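*Asks:* I need the structure of the sequence given here:
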Amino acid sequence: MNYEFYIDVFWLNNFLMDAAAALLVMVIRRYKLKFRIFAAIAVTDTISCLAILALPYAAAVAVIHILLNPLMVWWGFSIRSWKRLLQDVLLVFVMIFLEGGVWQWCSENEFLNKFRYPAICIYALLLVFLWSLRRTESKKRKEYVVDLYMKNTDRIELHAFYDSGNLLRDPYTNSPVSIVCDADVEEYIKTAGLPVRLIPFHSLGKSEGLLKAVTIDKMVIHTKDRKIQIQKPVIGINSERLFAGKKYHMLLHAASLEGEEACT
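*Replies:* Below is the predicted model of the structure:
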């Protein structure tokens, strides 16, 4: 039996299903939405079309599923872990398999066949909306109200962001260093008469440098279900430029929420 093969329709169908599968993986994994994901899908689907034209059908299918689809996932999601790559490839395969079944079922129904493309576009928009909600919720879970206490001063209340990438430690005491905006604490530090020291760092918008730091009396982090109280925390002081346009004026250290000094 002979079939008419339209390369443009084949490419469009593959792109839509791959994009929908990738969006669903992004929702589940809470990945960032990046243009490179769709660029990777477009490139691999184009190569898939060429493989279908140049190779026997069985060989082309093998190349697509064994080589091109894993490459699409690896490149699109910038995966560095073999374990994560395997998990995401399996997840994409499952999504494509389910979508292919629904797509085939719709194509065999004269009524549903008319709405295949609008339906998958609406489905993609719903996934983007769901992804946006999950990203917003995830970001909110990393924002906290923090109270700083220094002698002879009032309590300082700051909005802080929990930065899992902040691994800076005081080389003299090995204490975690959270970063605050200088405009928010400078006068309080002078009033408290705290000695300011310099500690080396390798981030904060520079390859390396020296950061002003002080040790204050106490820091209290207000989470949803508890208060985390840290005695003698080290606070790094950075310029307002680091926090420009942000809703927060403090970056918490990655170890701030570990909870040895937590109290309900």
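*Asks:* How about the secondary structure of the residue nearest to residue 65 when sequence neighbours are not counted?
*Replies:* Nearest residue to residue 65, sequence neighbours excluded (Cβ to Cβ, 6 or more residues apart in numbering): residue 93, at 7.7 Å. The way it works is simple: take the backbone N, C-alpha and C, and place the C-beta from them, glycine included. What DSSP: H, G, I helix; E, B strand; the rest coil gives for residue 93 is helix.
*Asks:* what about residue 93, how many neighbours?
*Replies:* By other Cβ atoms under 10 Å, the residues close to residue 93 number 15.
*Asks:* so it touches residue 70, yeah?
*Replies:* No. In this structure, residue 93 is not within contact of residue 70 by Cβ atoms under 8 Å, at 9.5 Å.
*Asks:* can you pull out the helices in the stretch 101-250 of the chain?
*Replies:* For the stretch 101-250 of the chain, the helices defined by DSSP state H, counting those that start in this stretch cover 110-113, 116-140, 182-192.
*Asks:* any idea of the mean pLDDT for the shortest one?
*Replies:* For helix 110-113, mean pLDDT is 65.
*Asks:* Kindly report the same for stretch 70-79.
*Replies:* 85.
*Asks:* what sits up against that stretch?
*Replies:* Residues external to stretch 70-79 that are found in contact with it (Cβ atoms under 8 Å, 6 or more residues apart in numbering): 18, 22, 25, 29, 31, 34, 36-41, 43-44, 85, 88-89, 92.
*Asks:* Just the buried subset of those residues, written out for ChimeraX, thanks.
*Replies:* In ChimeraX, a selection of the buried entries from the contacts of stretch 70-79 looks like this (16 or more other Cβ atoms under 10 Å):
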select :18,22,25,31,37,38,40,41,44,88,89,92
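*Asks:* taking the contacts of stretch 70-79 one by one, which sit in strands?
*Replies:* Among those, no member falls in strands (DSSP state E).
*Asks:* In helices, which of the contacts of stretch 70-79 fall?
*Replies:* Secondary structure from DSSP state H places 18, 22, 25, 29, 36-41, 43-44, 85, 88-89, 92 of these in helices.
*Asks:* I'd say residue 188 and residue 149 touch.
*Replies:* No. The criterion here is Cβ under 8 Å, and residue 188 misses it with residue 149 at 9.8 Å.
*Asks:* Need the overlap of contacts for those two.
*Replies:* Common neighbours of residue 188 and residue 149, counting by Cβ under 8 Å, 6+ apart, are residue 156.
*Asks:* Where does pLDDT dip in the stretch 51-200 of the chain?
*Replies:* 100-117, 119-121, 123-124, 127-128, 130-141 (pLDDT under 70).
*Asks:* can you give me the strands in this structure?
*Replies:* All strands of the chain, identified by DSSP E, fall at 143-149, 156-162, 177-181, 197-201, 209-215, 218-222, 227-231, 234-238, 250-252, 262-263.
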